[in-house]
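Asker: sequence first, predicted coordinates after that:
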Amino acid sequence: MPEREGDRDESREERLDRNWGELLQELRITQTGLQLLSGFLLTLPFTQTFSSLDSWQEALYLALVFLAAVAVGVNLTPVILHRRVFGEHVKERVVQVGHLASQVVVVAVALLVTGIATLIFWVVMNGVAAVVVAVVLLAILGTLLYVLPARMTPKAFQES
């Protein structure tokens, strides 16, 4: 979330502009990842291996395609929101919604990466390997994307 008031020597408008610029940079990074993941998913039905998927694997695949589509939409939300309300003097709300959207996208990308790896391990190896990979990836990504940032807050350092 944007810094607290008074942490920098800048006006409210300057802080909002800086936060919006930083948010756009973060959205650009997630956009590239989403494009790569979505592209991979969209090519899978055109491979020979796809016809050998069982019904559970197909269901996982379709869930991942749906999740990728939702993630792309959420990733685009701050940009279209900014375009639609440009000049309405609601930048603070746009930054807040953009911040929330970026958090949702990060979770969606983590779930996509986990789901894609799970599907690949399931097809190449077996269901047990897929479950192990899913659990390990969720633990790693949960630590990197939730636990680590939570431990980086000033409050967390004071408690240590």
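Answerer: On my side now, so go ahead.
Asker: so which residue is dead centre in the protein?
Answerer: Centroid-nearest residue in the chain, with CA atoms, centre = their mean: Val106, separated by 2.0 Å.
Asker: any idea how far that one is from Leu34?
Answerer: In this view, Val106 and Leu34 are 11 Å apart by CB to CB, to the nearest Å. (Each C-beta comes from the backbone N, C-alpha and C, glycine too.)
Asker: that older thread, residue contacts, the residue nearest to the centre of the chain?
Answerer: Applying CB atoms under 8 Å, 6 or more residues apart in numbering, we find Val106 in contact with 30, 145.
Asker: can you list the buried residues in the helix or strand containing it?
Answerer: Secondary structure assignment for Val106, by DSSP states H and E: helix 91-124. Under the neighbour-count criterion of 16 or more other CB atoms under 10 Å, helix 91-124 has 91, 94-95, 97-99, 101-102, 105-106, 108-112, 114-116, 118-119, 121-123 buried.
Asker: quick one: low-confidence parts of the chain?
Answerer: Scanning the chain for pLDDT under 70 picks out 1-8, 155-160.
Asker: and the next helix or strand past the helix holding Val106?
Answerer: helix 127-142.
Asker: residues in contact with that following helix?
Answerer: With contact meaning CB under 8 Å, 6+ apart, helix 127-142 is reached by 110, 113-115, 117-119, 121-122.
Asker: if you set the cut-off to 6 Å instead, what comes out?
Answerer: The contact list for helix 127-142, computed with CB atoms under 6 Å, 6 or more residues apart in numbering, reads 110, 114, 117-118, 121-122.
Asker: same list (the residues you listed) but as TSV, adding distance to Leu67.
Answerer: As requested, the contacts of helix 127-142 are exported to TSV (distance: CB to CB, whole Å):
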residue	distance to Leu67
Ala110	11
Thr114	10
Ala117	14
Thr118	12
Phe121	18
Trp122	17
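Asker: what's the distance between Pro87 and Val94?
Answerer: Heads up, residue 87 is Gly, not Pro. Taking CB to CB as the measure, Gly87 falls 11 Å from Val94.
Asker: now Ala63
Answerer: From Ala63 to Val94 the distance is 31 Å (CB to CB).
Asker: OK, contacts around Val94?
Answerer: 81-82.
Asker: if we go to 8 Å?
Answerer: Contact partners of Val94, counting by CB under 8 Å, 6+ apart, are 20, 78, 81-82, 85.
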